[in-house]
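[1] What shape does this take:
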Amino acid sequence: MEKAKKILIVEDEKDISEIIAYNIRRQGYDVDTAYDGETGLNKALSGEFDLVLLDVMLPKMDGFEICKRIREKLQTPIIILTAREEENDKIMGLDLGADDYMTKPFSIGELSSRIKANIRRYSGELKKLGENDGDGTTIKIGDIIIDTENVSVRKNGKEISLSKKEYDLLCFLAKNRGSKFPQDKLLESVWGFGGYYDLRTVDVTVRRIRQKIEDDSSNPKYILNMRSVGYYIPED
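    Below you'll find the model as predicted:
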């Protein structure tokens, strides 16, 4: 029997934490909880968890700082849970490496769907974008070389540190050079998410990749965008 996926809930409101924990345990997940930021961070960094549900407003350390510190060590999927609706908060969470966010109140059904999609993507049950499909294990784009066997990206011989999500998106566009993909198609193909997801997620991820691979991120030459059509990597 396959071992149950383990989820960490970092939420200071115990009633909310208990409701979430009860419902996702019923779906077969193993659940642990933390009620403050420091405890949550220490548990998350143990590497024992398949996904972290992370509240933003926490005692001792806020969710944004926790997200940042987790990302310095691990690629564990993070879903931010927030009562805030400001666009800047959502973008900040994504910029710090969160995979998803949900604004309270939310339905348990939607939360369950997002947990399943994030774990499925992380554990490789979705098609592995960028894997060797018989045409070699490297993809070259100008000065950039993507090594799909070792899951690494180099520019002029220097390794570029990308999150898994950034790597997957870059690989997808690289393997489909010249083809233009709107945000919703990229969400479906790379993230494995349906239409309920915020399209700005793609924009934020592309911006992060550009900051890492472009000589001038404000004047990109690797990942381009044709207005109302989509993102693409131009053919040689």
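[2] How about residues contacting stretch 212-221?
    142, 144, 153, 155, 160-162, 166, 170, 207, 210-211, 222-223 (Cβ atoms under 8 Å, 6 or more residues apart in numbering). All C-beta spots, glycine's among them, are computed from the backbone N, C-alpha and C.
[3] With stretch 54-69 instead?
    For stretch 54-69, contacts defined as Cβ under 8 Å, 6+ apart pick out 10-13, 35-41, 44-45, 78-84, 89, 92-93, 96-98.
[4] rerun at 6 Å
    Residues from elsewhere that reach stretch 54-69 (Cβ atoms under 6 Å, 6 or more residues apart in numbering): 10-12, 36-38, 40-41, 78, 80-82, 96, 98.
[5] picking up where we left off before, if we take the contacts of stretch 212-221, which one ends up nearest to residue 28?
    Set against residue 28, the nearest of those by Cβ to Cβ is residue 166 (30.3 Å).
[6] Please list only the buried members of the contacts of stretch 54-69.
    10-12, 37, 40-41, 78, 80-82, 96, 98 (16 or more other Cβ atoms under 10 Å).
[7] Helices - which of the residues you listed land there?
    Within the buried ones among the contacts of stretch 54-69, residues falling in helices by DSSP state H are 37, 40-41.
[8] After the helix or strand containing residue 111, which helix or strand is next?
    In this assignment (DSSP states H and E), residue 111 forms part of helix 108-122. Per DSSP H and E, the first helix or strand lying C-terminal to helix 108-122 is strand 138-141.
[9] So what's the residue count around residue 92?
    By the measure other Cβ atoms under 10 Å, the count of residues near residue 92 is 19.
[10] Local confidence estimate at it?
    In the prediction, the pLDDT value recorded for residue 92 is 79.
[11] Excluding residues flanking it in the chain, which one is nearest it?
    residue 64 (6.1 Å; Cβ to Cβ, 6 or more residues apart in numbering).
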